[in-house]
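Asks: here are the coordinates; sequence isn't available:
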């Protein structure tokens, strides 16, 4: 059954999905790798579409645009565009396809295929409440060491101020557009681009289910999570 998006909503979700996924091993572009028999991208879009969003724009590998349109058509009314050489390029391509009157932009990794819809709502709510940018985060639970190029520990980092950042990341449209106009491709997320411009980024509680599928182990873990909790799980309270 195709999900119905909110035609009067104020949120667009951009899904950059043109990456190769080298660390996942040889095969198709990462967003099209199978999780429980369906591409990661299908899982991600299905969950995002369950939230109160007006528009979803996917930036697909240029050679797979037609395939991705067909793949997502039964899931939700999604706009599919060709992505770029970098993640930043793909986000910019998707942003250009968002209706002009949509003011809240969320950027979500297709690799975070099990994102709870409640997390999408939480990030959007933070922007709606006045934050120029917001990211979901989890506390860092491991001890973190700073290590030299020679493989020698140089310091133990205080983890109390550290957080692991997830997606979707949310922005006022003008903030994200301005950051992309001057940002650096070396950064790995859009929040980093707005941070470069001195824009404050608000944190909201993340979810273990929004894990990023990067390695074969992550894919196996996501498969397991689908068996023990097939329904979306709400974000948990942020703790140190």
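Replies: Received the coordinates, thanks. Since we're looking at a predicted model, the values are computed, not measured.

Asks: As a check, name the ranges of all helices in this structure.
Replies: Using DSSP state H, the helices of the chain run over residues 40-50, 65-72, 87-95, 117-128, 173-182, 190-196, 216-228.

Asks: for this structure, what spans make up the strands?
Replies: Taking DSSP state E as the test, the strands found in the chain are 11-16, 34-35, 38-39, 55-60, 79-82, 104-107, 133-139, 144-147, 153-157, 163-165, 169-172, 202-205.

Asks: residue contacts, the residue nearest in space to the middle of the chain?
Replies: Against the mean C-alpha coordinate of the chain, by CA atoms, centre = their mean, the closest residue is residue 108 at 2.2 Å. Applying CB atoms under 8 Å, 6 or more residues apart in numbering, one finds that residue 108 lies in contact with 13-15, 44, 48, 115, 120, 167-169. (C-beta placed from N, C-alpha, C; glycine too.)

Asks: any low-confidence regions in the protein?
Replies: Applying pLDDT under 70 to the predicted model, the residue ranges of the chain that meet it are 1, 20-27, 185-186, 229-240.

Asks: can you tell me which of the helices of the chain comes nearest to residue 207?
Replies: Taking CB to CB as the criterion, residue 207 comes closest to helix 117-128 out of the helices of the chain, the separation being 5.2 Å.

Asks: which residues are in contact with the closest one?
Replies: Here helix 117-128 makes contact (CB under 8 Å, 6+ apart) with 10-11, 13, 47-48, 50-53, 104, 106, 108, 133-136, 166, 168-172, 202, 204-207, 210, 232, 234-235.

Asks: sorry, back to before: ok, so of the contacts of residue 108, who is nearest residue 32?
Replies: Distances from residue 32 to the contacts of residue 108, taken as CB to CB, are shortest for residue 44 (11.6 Å).
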